[in-house]
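Peer 1: Here's a sequence, model it:
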Amino acid sequence: MPNAGKSTFLSCTTRAKPKIADYPFTTLKPQLGVVYVDNSEFVLADIPGLIEGASEGRGLGDRFLKHIERCGVLLHLIDASSENIVENYRIIRQELAGYNPDLLDKYEVIALNKIDLLDAKELTKKINQLKKFLIKNHNPDPKIFKISAITQKGVEEILRELFEKIKLYRQSKNEE
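Peer 2: Residues are numbered from 1 along each chain as shown. I've put the predicted structure just below:
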């Protein structure tokens, strides 16, 4: 979704210098950066935010969804301060399925960003809501990362998780 902190995450984990601003659709084209973690590296792509109806051409439309097809692992970065994080996640999954149902089969990592804007009680409530949704819909054992790209809290942990998923993806491609 727009304003989830995707560009901030890219800028704090790579040497990329994406445009960052406090309004929707700051990112108008995909941005790439190289992440270095534990003596390994991988490319991180910041894809412009999707809105409901993007797979049908709404907003910036589906022209960026094709970039997602080339990714081995998806990081769902959700704005923890958003009113309804479950709905935000559901919309993104719906748009991925509307464009290409195979995108739902990709490895995914889920993170709530901007946790520095919430108190512990509110954050726990939101995580529990999202976990309940994930368990009910497609993920019997969801792992949700809590991060703040701006303060770097939880960033190293999620980079390690992303790299582990990338290794699994690469192994699966080698077995084909």
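
Peer 1: Parallel or antiparallel, list what pairs with the host helix or strand of L74.
Peer 2: Secondary structure assigned from DSSP states H and E places L74 in strand 73-79. Sheet neighbours of strand 73-79, with direction, are listed as strand 107-113 (parallel) (DSSP bridges).

Peer 1: Tell me which other helices or strands the helix or strand of the chain with the lowest mean pLDDT touches.
Peer 2: Sorting the helices and strands of the chain by mean pLDDT, DSSP states H and E puts helix 65-69 at the bottom, at a mean of 77. Applying 3 or more C-beta pairs under 8 Å, 6 or more residues apart in numbering; DSSP states H and E, one finds that helix 65-69 contacts helix 85-99. C-betas here are computed from N, CA, C, even on glycine.

Peer 1: Dump the helix it packs on to PDB, restricted to CA.
Peer 2: The C-alpha trace of helix 85-99 is given here as PDB (Å, rounded to 0.1, in the frame of the first residue of the first chain):
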ATOM      1  CA  ILE A  85      -3.800  -3.600   8.700                       C
ATOM      2  CA  VAL A  86      -5.800  -6.800   7.900                       C
ATOM      3  CA  GLU A  87      -7.700  -5.000   5.200                       C
ATOM      4  CA  ASN A  88      -4.400  -3.600   3.800                       C
ATOM      5  CA  TYR A  89      -2.900  -7.000   3.600                       C
ATOM      6  CA  ARG A  90      -6.000  -8.600   2.100                       C
ATOM      7  CA  ILE A  91      -6.200  -5.900  -0.600                       C
ATOM      8  CA  ILE A  92      -2.600  -6.500  -1.600                       C
ATOM      9  CA  ARG A  93      -3.100 -10.300  -1.800                       C
ATOM     10  CA  GLN A  94      -6.300  -9.700  -3.800                       C
ATOM     11  CA  GLU A  95      -4.500  -7.500  -6.300                       C
ATOM     12  CA  LEU A  96      -1.700 -10.000  -6.700                       C
ATOM     13  CA  ALA A  97      -4.300 -12.800  -7.300                       C
ATOM     14  CA  GLY A  98      -6.200 -10.600  -9.700                       C
ATOM     15  CA  TYR A  99      -3.000 -10.000 -11.800                       C
END
